[in-house]
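K.L.:
have a look at this fold, sequence not included:
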């Protein structure tokens, strides 16, 4: 049996889907399971035994279609037709993606829809994304004659990010060059919310609060502060570094996603906005505080006690589900009013949880 998993974006969402991929692998142990994803998301599942092969495509084919993407689109259809897949599990609600799978001639398709059917699962944005994805994978396994499984509790779903020995060795060399030891530093990511398809900077907590938080973490916990993020986060990280009265180690944009994840694994704490690094941190088993504003921690906070949300609950939040339609106030109050004291409280909670589980 050959199964094609379709998950084209985004980084964090692909990590969230790893418990669902685990369900597919465990339920269909003899199947060949391939992943179709974009070039900027492909690093998420490198070294991961849940996937047999990754088919990598360029982002523009589906998300920025133009006349010059028609030929690559048709070539991809032809390529997948030759593979003769038995089924596809589509972790999207996207009309062009659904049309593409039909054109690829894959006879059995499992997907998210507005209503439950024999081959779809209702995409309820009030429920946790990992659990909804697991249910879609479970549906596919059952319909394809695979092994049955009990529906798990949310806290039993574990994200997976597999780090190779070479990646870990490279990360350790970087940390040594900066005089950092395992567990002796905190990684702060003041950026996030930007990828090739969207720019959601409304997810970002004000940078001056990150500066204040960095001082408290270093002063109260004795952890050195490391800044990280993608190349497009460099400006905000540089501003934070220049605004701090303490020395910060700014690694933002210096290393690729795989090495950055390995650095996460060695950290004693990660604090970031609701974005990809939140889920990567959970995948490598690092203690993480996720800062939530317009988005919902009930939908996106990684399961387990080593992931804690920091948020200011006001009546209008969450207001960001599939898209952000703007704030009813002049500023995004759920972010603007969230204090460093409140985030520090979440930091202390996650540190306490880590000690309990040790």
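P.N.:
Structure received. If you're wondering where the values come from, they're calculated on a predicted model, not measured in any experiment. Numbers count the residues shown, from 1 in each chain.

K.L.:
please parse the chain into its domains.
P.N.:
Split into domains by automatic domain parsing, the chain comes to 2-156, 165-357.

K.L.:
now do the strands in the protein.
P.N.:
Per DSSP state E, the chain carries strands over the ranges 2-6, 32-38, 53-57, 87-90, 108-113, 120-122, 185-189, 224-227, 249-250, 269-273, 288-292, 307-311.

K.L.:
so what secondary structure elements neighbour the shortest one?
P.N.:
Looking back up the chat, that one is strand 249-250. Secondary-structure packing of strand 249-250 (3 or more CB pairs under 8 Å, 6 or more residues apart in numbering; DSSP states H and E): strand 224-227, helix 234-243. C-beta coordinates here come from the backbone N, C-alpha and C atoms, glycine included.

K.L.:
for residue 251, find the nearest of these.
P.N.:
Closest of the helices and strands packed on strand 249-250 to residue 251 is strand 224-227, at 5.9 Å (criterion: CB to CB).

K.L.:
from residue 241, how far off is residue 24?
P.N.:
Distance of residue 24 to residue 241, given as CB to CB, to the nearest Å: 43 Å.

K.L.:
beta partners of residue 194?
P.N.:
residue 199 (DSSP bridges).

K.L.:
no wait, residue 88
P.N.:
residue 4, residue 109.

K.L.:
biggest helix in this structure by residues?
P.N.:
helix 340-357 (DSSP state H).

K.L.:
how about that one: buried residues?
P.N.:
Within helix 340-357, the residues that qualify as buried by neighbour count (16 or more other CB atoms under 10 Å) are 340, 342-344, 346-347, 349-351, 353-354.

K.L.:
could you tell me what pLDDT the model assigned to the closest residue to residue 353 other than its chain neighbours?
P.N.:
Among residues not flanking residue 353 along the chain, residue 305 sits closest, at 3.9 Å (CB to CB, 6 or more residues apart in numbering). At residue 305, the pLDDT value in this model is 92.

K.L.:
distance of residue 305 from residue 351?
P.N.:
Taking CB to CB, one finds residue 305 at 11 Å from residue 351.

K.L.:
same thing with residue 278?
P.N.:
To residue 351, residue 278 is 17 Å away according to CB to CB.

K.L.:
what of residue 8?
P.N.:
Taken as CB to CB, the span from residue 8 to residue 351 is 36 Å.

K.L.:
how about residue 88?
P.N.:
Separation of residue 88 from residue 351 (CB to CB) stands at 43 Å.

K.L.:
in this protein, which spans are helices?
P.N.:
Under the criterion DSSP H, the chain carries helices at the ranges 11-16, 18-27, 60-63, 70-83, 95-103, 129-143, 165-177, 207-221, 234-243, 257-266, 276-284, 297-300, 333-336, 340-357.

K.L.:
out of the ones you listed, which comes closest to residue 188?
P.N.:
helix 207-221 (5.8 Å).

K.L.:
surely residue 232 meets residue 196?
P.N.:
No - the criterion here is CB atoms under 8 Å, and residue 232 misses it with residue 196 at 9.9 Å.

K.L.:
what do these two both touch?
P.N.:
Residues touching both residue 232 and residue 196 (CB atoms under 8 Å, 6 or more residues apart in numbering): there are none.

K.L.:
is it true that residue 238 touches residue 251?
P.N.:
No - using CB under 8 Å, residue 238 is not in contact with residue 251; the gap is 11.8 Å.

K.L.:
those two: who's more crowded?
P.N.:
Legend: neighbour count by other CB atoms under 10 Å for residue 238 and residue 251, higher for residue 251 (19 against 14).

K.L.:
quick one: the more buried one and residue 230 touch, right?
P.N.:
No - here residue 251 does not reach residue 230: they are 11.3 Å apart, not a contact under CB under 8 Å.

K.L.:
in the stretch 251-358 of the chain, where is pLDDT below threshold?
P.N.:
Low-confidence segments of the stretch 251-358 of the chain (pLDDT under 70): 321-322.
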